[in-house]
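Undergrad: model this:
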Amino acid sequence: MSNTAHPTPSREPPSRAPLTLDDLLTLGAPALRAIMDAARPLDLDDLAGRVYLGVDLSLPKPLTRLLWKTFRKTFYRDPTTGAVRGWNVRMEQTGVGGARVPKRGRDGAPITFGHYVVRDGATLRWPSGYQCAHYLDYGVAGNARTDPARFACTPLVAVNEGSSALLLGWEIMRVGPRLMPLPLYWALQADGPLDGVVEPPRRPQV
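TA: Below is the predicted model:
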């Protein structure tokens, strides 16, 4: 019998390389939910002043053809309120690796919609006992009454600890007093500095 001592198994989880956008594109809803459950908080100071490439991770291909696969999200520190807010920008559908070209209206300005404010996730009772540090609140951000985005309150987490380069969002909708989770997830990848500020259609409530 060998007298060689065997090392004691480590109780620490194995180190893993940071996840990438390509990794997220291969994951199903359960794995994406597991990342959400890790709930790594956002660094709001690092977030403010950036734009992000948004990539849908869940819609079937026929729906992405009708709607979109990619979009843009922005983050801006409002000097009046101190809150971090932002808006969505419609993009030409050039693919995840394609040129970043905003869709423009007749006036030549980028088409924007779905304004939001980053808020404290501890203030809401989330479905199934979920907990998060931050979420995007579309209901108080001054969206038009005709914009269905105003019913959304979407948790948003950093995918990799200590980095704001890659974020993950989960669609949750307000239905009366309840919060209804949807099996829809999207990624945000840092895509440069913010180059302009867009005001919401109505006065925000915060």
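Undergrad: tell me where this protein has helices.
TA: 21-25, 29-38, 44-47, 61-66 (DSSP state H).
Undergrad: out of those helices, nearest to R174?
TA: Of all the helices of the chain, helix 29-38 sits nearest to R174, with 18.1 Å by C-beta to C-beta. From N, CA and C alone the C-beta is placed, and that goes for glycine too.
Undergrad: what does that closest one rub up against?
TA: Helix 29-38 has contacts (C-beta atoms under 8 Å, 6 or more residues apart in numbering) with 19, 24, 27, 57-58, 130, 132, 155, 157, 159, 168, 170, 183, 185.
Undergrad: in that helix, which residues are buried?
TA: Residues of helix 29-38 classed as buried by neighbour count (16 or more other C-beta atoms under 10 Å): 32-33, 35-36.
Undergrad: kindly reformat those residues as a markdown table containing pLDDT and distance to K69.
TA: A markdown table is the format used below for the buried residues of helix 29-38 (pLDDT from 0 to 100; distance: C-beta to C-beta, whole Å):
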| residue | pLDDT | distance to K69 |
| --- | --- | --- |
| L32 | 96 | 16 |
| R33 | 95 | 21 |
| I35 | 95 | 20 |
| M36 | 95 | 21 |
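Undergrad: out of those, which is nearest to P201?
TA: M36 (29.7 Å).
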